[in-house]
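Participant: give me coordinates for this.
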Amino acid sequence: MSCRLLFGMFNTQAVRVPERFRGGCSFGAGTWCRTLPPALDFESPGFIQRFQQIKAAFGDSIGMKRILGVMGKFSATNVFGEELQACGKDPVTGFFRDGCCNTGHEDGGMHTVCAIVTEAFLSFSRSRGNDLTAPVPFADFPGLRPGDRWCLCAGRWLEAYRAGVAPPVDLAATHEETLAVIDLETLQRYELNNPDSG
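Facilitator: Next up is the predicted model:
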């Protein structure tokens with residue numbers, strides 16, 4: 001299944017992105033020169049209030065998936081320079097909740113690594129303050145279990161790698177933007193079909 005889409009940029013505010021593809025800078029895990037527009041910070045009271053106002057205006061039929069669908073995506077290209085493949089539909093993953101690890105200026109966390117999460121990784125993420133097993137209904141997030149396929153933040157995957165608990169990855173479904181943070185050789189060691197992965 002392909003994730004290549006027609007897209008246009010969603011103009012919220014100027015943002016800086018990793019050097020590799022668009023200029024800007026990358027200093028390593030968790031310190032990219034990307035900024036998330038305040039209206040798109042899912043944990044901020046302002047975002048929740050704005051989301052509730054939109055729902056009130058348009059009814060309960062509008063959800064996070066529709067709101068995220070109006071944002072612009074970068075080219076759907078994987079780490080091999082080929083068409084980005086789907087990562088996961090059960091649960092539906094991706095910053096844009098389209099099943100793919102697409103990214104764009106709005107994706108401040110850079111959810112670009114298609115991983116098959118493990119118990120060790122989930123425990124590690126929980127210890128870092130991000131409990132991926134806990135559902136977040138307003139964001140269409142059901143919570144994860146070991147074996148689920150999910151688009152992880154590149155910085156979190158790199159942090160888990162350094163701690164020795166990085167989960168396996170599906171490189172055909174991992175977005176090329178990941179290479180601004182993690183080198184291809186490291187990712188290949190954790191490739192799903194690699195007998196030496198992990």
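Participant: same for whichever strand or helix holds Phe121, what does it pack against?
Facilitator: Phe121 is part of helix 119-127 when elements are defined by DSSP states H and E. Identification of packing neighbours for helix 119-127 by 3 or more C-beta pairs under 8 Å, 6 or more residues apart in numbering; DSSP states H and E yields helix 154-162. The way it works is simple: take the backbone N, C-alpha and C, and place the C-beta from them, glycine included.
Participant: for the helix it packs on, output the C-alpha coordinates as CSV.
Facilitator: Taking Å, rounded to 0.1, in the frame of the first residue of the first chain, the C-alpha atoms of helix 154-162 are listed here in CSV:
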residue,chain,number,x,y,z
ALA,A,154,12.9,9.9,15.7
GLY,A,155,14.4,11.4,18.8
ARG,A,156,12.7,8.9,21.1
TRP,A,157,13.8,5.9,19.0
LEU,A,158,17.4,7.3,19.1
GLU,A,159,17.2,7.7,22.8
ALA,A,160,15.9,4.1,23.2
TYR,A,161,18.7,2.9,20.9
ARG,A,162,21.3,4.6,23.1
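Participant: quick check: angle from it to helix 119-127?
Facilitator: 120 degrees (axes from the mean of the first three to the mean of the last three C-alpha atoms, to 10 degrees).
Participant: ok, which stretches of the protein are helices?
Facilitator: 19-22, 45-58, 64-69, 119-127, 154-162, 184-189 (DSSP state H).
Participant: residues in contact with the fifth one?
Facilitator: Residues external to helix 154-162 that are found in contact with it (C-beta atoms under 8 Å, 6 or more residues apart in numbering): 28-32, 109-110, 112-113, 115, 121, 124-125, 128, 130, 166-167, 169, 177-178, 180-182, 186, 190.
Participant: do stretch 122-138 as well
Facilitator: Applying C-beta under 8 Å, 6+ apart, the contact partners of stretch 122-138 are 48, 51, 64, 117, 141-146, 150, 156, 159-160, 163, 165.
Participant: how about a cut-off of 7 Å?
Facilitator: 51, 64, 141-144, 146, 156, 160, 163, 165 (C-beta atoms under 7 Å, 6 or more residues apart in numbering).
Participant: now it: average pLDDT?
Facilitator: Here stretch 122-138 scores 92 as its mean pLDDT.
Participant: format the CA atom coordinates belonging to it as PDB.
Facilitator: C-alpha atoms of stretch 122-138 as PDB (Å, rounded to 0.1, in the frame of the first residue of the first chain):
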ATOM      1  CA  LEU A 122       7.100   0.700  26.000                       C
ATOM      2  CA  SER A 123       8.500   0.500  29.600                       C
ATOM      3  CA  PHE A 124      11.400   2.800  28.600                       C
ATOM      4  CA  SER A 125       9.000   5.300  27.100                       C
ATOM      5  CA  ARG A 126       6.800   5.200  30.200                       C
ATOM      6  CA  SER A 127       9.900   5.800  32.300                       C
ATOM      7  CA  ARG A 128      10.600   8.900  30.200                       C
ATOM      8  CA  GLY A 129       7.100  10.300  30.900                       C
ATOM      9  CA  ASN A 130       5.400   9.200  27.700                       C
ATOM     10  CA  ASP A 131       3.100   6.200  28.500                       C
ATOM     11  CA  LEU A 132       2.200   4.900  25.100                       C
ATOM     12  CA  THR A 133       0.100   2.200  26.600                       C
ATOM     13  CA  ALA A 134      -2.400   4.800  27.900                       C
ATOM     14  CA  PRO A 135      -5.300   5.700  25.600                       C
ATOM     15  CA  VAL A 136      -5.900   9.300  24.600                       C
ATOM     16  CA  PRO A 137      -9.400   9.300  23.100                       C
ATOM     17  CA  PHE A 138      -9.500  13.000  22.000                       C
END
